[in-house]
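K.L.:
Sequence and predicted structure, then a few things I'm wondering about:
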Amino acid sequence: MKIIDISLSLAPDSITYPGDTPFSTERIKDLDSGELCNLSRLEMSSHSGTHLDAPTHFIREGKTIDEMPLYIYYGPVRVIDFGSKEKISAQDLKPYLGTEVKRIICKTRGWELMKKGDFNENHPAFTADGAELLVQNQVQLVGLDFITVERGEGGKYPVHTTLLSNGIAILEGLQLEGVKPGNYILAAFPLKIAKGDGSPCRAVLIEQD
């Protein structure tokens, strides 16, 4: 068994969605200062780094992150490599979906953009019809290697709204450098944040022998 870490490290220079609180850490107790332990204070958005969106992120009466069923975040996943494709549509997704595919992760050039540390508006994203197809195929979780799954063009977010209103978990900010397309086991559990709209997570892929 091989475990592949597909999570971003949280650091002051981590990529941040425009308007979100950047990640920062402050040491408030320090062994080197003669105190009993090392202890830090963290400040960040609930959507910092590799994270999961809960339905309530966009849906007024949607489930919060602590209400989401945990089985969604663990189980078989298909990693699909879309190369340099800018927008992932229903036509692009259709060949990879089927009744047995409940979780998908899409590899694009998004991880390369995130390594630069700045938000790029021309990042890879899903289209509205792509989101509709995922709902039709009863997908439970969809992941992408950028900090958001859509561009929000015109101030509208049909991808988030469609996926989250149907209870589909969104996993964003994945580091997929070196990850080959294929089938894995995914483990990506959120923090149990009461009434949370999302949560950072430690996402891993497990290769089975």
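P.N.:
Yep, that arrived. Numbering: from 1, shown residues only.
K.L.:
What is the neighbour count of the nearest residue to residue 188 once chain neighbours are set aside?
P.N.:
Excluding the flanking residues, the one nearest residue 188 by Cβ to Cβ, 6 or more residues apart in numbering is residue 203, at 3.8 Å. Using the backbone N, CA and C atoms, a C-beta is placed for each residue, glycine as well. Number of residues near residue 203 (other Cβ atoms under 10 Å) recorded here: 27.
K.L.:
next one: phi and psi at residue 203?
P.N.:
Backbone geometry at residue 203, expressed as degrees, to the nearest 10, gives phi -100, psi 130.
K.L.:
do the same with residue 72
P.N.:
Taking degrees, to the nearest 10, you get phi -60, psi -30 for the backbone angles of residue 72.
K.L.:
Can you get me a residue count around it?
P.N.:
Neighbours of residue 72 under the rule other Cβ under 10 Å: 19.
K.L.:
other SSEs contacting the helix or strand in which residue 105 is found?
P.N.:
Assigned by DSSP states H and E, residue 105 belongs to strand 103-107. With contacts taken as 3 or more Cβ pairs under 8 Å, 6 or more residues apart in numbering; DSSP states H and E, strand 103-107 sits against strand 74-81, strand 141-144.
K.L.:
ok now the lowest-mean-pLDDT helix or strand in the chain, how far from the chain's centre?
P.N.:
Every helix and strand of the chain was ranked by mean pLDDT, DSSP states H and E. The lowest is helix 110-115, at a mean of 93. Relative to its parent chain, helix 110-115 has a centroid offset of 13 Å by Cα atoms, centre = their mean, to the nearest Å.
K.L.:
in it, what's buried?
P.N.:
For helix 110-115, the neighbour count (16 or more other Cβ atoms under 10 Å) marks 110-111, 113-114 as buried.
K.L.:
try stretch 184-195
P.N.:
184-188, 190.
K.L.:
now do the same end-to-end measure for stretch 52-66.
P.N.:
End-to-end distance for stretch 52-66, by Cα to Cα, to the nearest Å: 11 Å.
K.L.:
next one: stretch 60-78
P.N.:
Terminal residues of stretch 60-78 lie 30 Å apart, using Cα to Cα.
K.L.:
Any chance you could list what contacts that stretch?
P.N.:
Stretch 60-78 is contacted from outside by 46, 52, 54-56, 96, 100-105, 140-141, 143, 164-165, 167, 169, 182-199, 201, 205, using Cβ atoms under 8 Å, 6 or more residues apart in numbering.
K.L.:
Ok, stretch 86-98 next?
P.N.:
Residues contacting stretch 86-98 (Cβ under 8 Å, 6+ apart): 78, 80, 82, 85, 104, 106, 108, 122, 124-127, 129-130, 132-134, 137, 139.
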